[in-house]
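Chemist: show me how the following folds:
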Amino acid sequence: MRFMVVGAGGVGAYFGGRLAEAGHDVTFIARGATLEALRSQGLRVDSIDGDFRISPAQAANDPATVGAVDAVLVCVKAWQVPDAARALRPIVTPDTAVVPLQNGIDAPQRLIDVLGREPVLGGLCGVHAADASPATSSMMPPSPGSASASSMVRAARASSVCSRPSARQRASAPMCRRTSSRQCGPSSC
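Modeler: Numbering: from 1, shown residues only. Okay, the predicted model is just below:
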């Protein structure tokens, strides 16, 4: 997929970097020292899940110069969302998904006010990320007792419940294996 990440600070650098590391076409929209560092040094992410580097990193200062993309991650500060949305107008098509990832409850509505309802999806991330320097994101473990730490524990519990095969999946697994030439287990039937 082709992604644009608007804002290459702690959150944008981390998520955009992970997408690029996975082989996706990612362009970062940045300015100033961050833009220059992305272009000259690439992106570096120091993470509790493993450090990595994206070099070269694709970067621009104007979304219109990038062209159409499949998805846009809006990772600017909440007060910058309306300006970011206006800059995105030229590249948002009916097939583009625009996902805000920042603090603030009104980011999706601010995007909708400028781009319309169709392309905007709600977004949420729970990471502790910071700019260590231009084009360098530093991920930190959540502090014990923080809202993020307790949210992560609740999410892990919910995930373990959701990942257990349901009775219907367990019952259909043997039939699926008998009627299909491909390998098929409870989670894929």
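Chemist: all strands of this protein, in order?
Modeler: Applying DSSP state E to the chain gives strands spanning 2-6, 25-29, 43-46, 52-54, 58-60, 71-74, 97-100, 128-133, 136-140.
Chemist: residue 120 is nearest to which of those?
Modeler: strand 97-100 (5.1 Å; C-beta to C-beta). Where you see a C-beta, it was placed from the backbone N, CA and C, and this is true even at glycine.
Chemist: what's the closest one packed up against?
Modeler: Applying 3 or more C-beta pairs under 8 Å, 6 or more residues apart in numbering; DSSP states H and E, one finds that strand 97-100 contacts strand 71-74, helix 107-115.
Chemist: out of these, deepest packed?
Modeler: Sort these by mean neighbour count, taking mean count of other C-beta atoms under 10 Å, and strand 71-74 sits at the top with a mean of 24.
Chemist: quick one: strands adjacent to that strand?
Modeler: Applying DSSP bridges, strand 71-74 is found paired with strand 2-6 (parallel), strand 97-100 (parallel).
Chemist: can I get it in CSV? Just the C-alpha atoms.
Modeler: Output of strand 71-74 as CSV, limited to C-alpha atoms (Å, rounded to 0.1, in the frame of the first residue of the first chain):
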residue,chain,number,x,y,z
ALA,A,71,-4.0,6.0,3.4
VAL,A,72,-2.9,9.1,5.3
LEU,A,73,-1.9,9.0,9.0
VAL,A,74,-2.4,12.4,10.5
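Chemist: picking up where we left off before, reformat the strands of the chain as TSV; add mean pLDDT and distance to residue 37.
Modeler: As requested, the strands of the chain are exported to TSV (pLDDT from 0 to 100; distance: least, C-beta to C-beta, whole Å):
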stretch	mean pLDDT	distance to residue 37
strand 2-6	97	15
strand 25-29	97	10
strand 43-46	92	8
strand 52-54	93	12
strand 58-60	97	9
strand 71-74	97	19
strand 97-100	96	24
strand 128-133	79	8
strand 136-140	79	8
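Chemist: now the strands paired with strand 71-74 as JSON lines including distance to residue 65 and mean neighbour count?
Modeler: Shown next, in JSON lines, are these (distance: least, C-beta to C-beta, whole Å; neighbours: other C-beta atoms under 10 Å):
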{"stretch": "strand 2-6", "distance to residue 65": "11", "mean neighbour count": "23"}
{"stretch": "strand 97-100", "distance to residue 65": "18", "mean neighbour count": "23"}
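Chemist: for residue 23, find the nearest of those strands.
Modeler: strand 2-6 (11.3 Å).
Chemist: angle of the closest one against strand 25-29?
Modeler: Here strand 2-6 runs at an angle of 20 degrees relative to strand 25-29 (axes from the mean of the first three to the mean of the last three C-alpha atoms, to 10 degrees).
Chemist: check which residues of stretch 55-69 are buried.
Modeler: 57, 58, 59, 60, 63, 66, 69 (16 or more other C-beta atoms under 10 Å).
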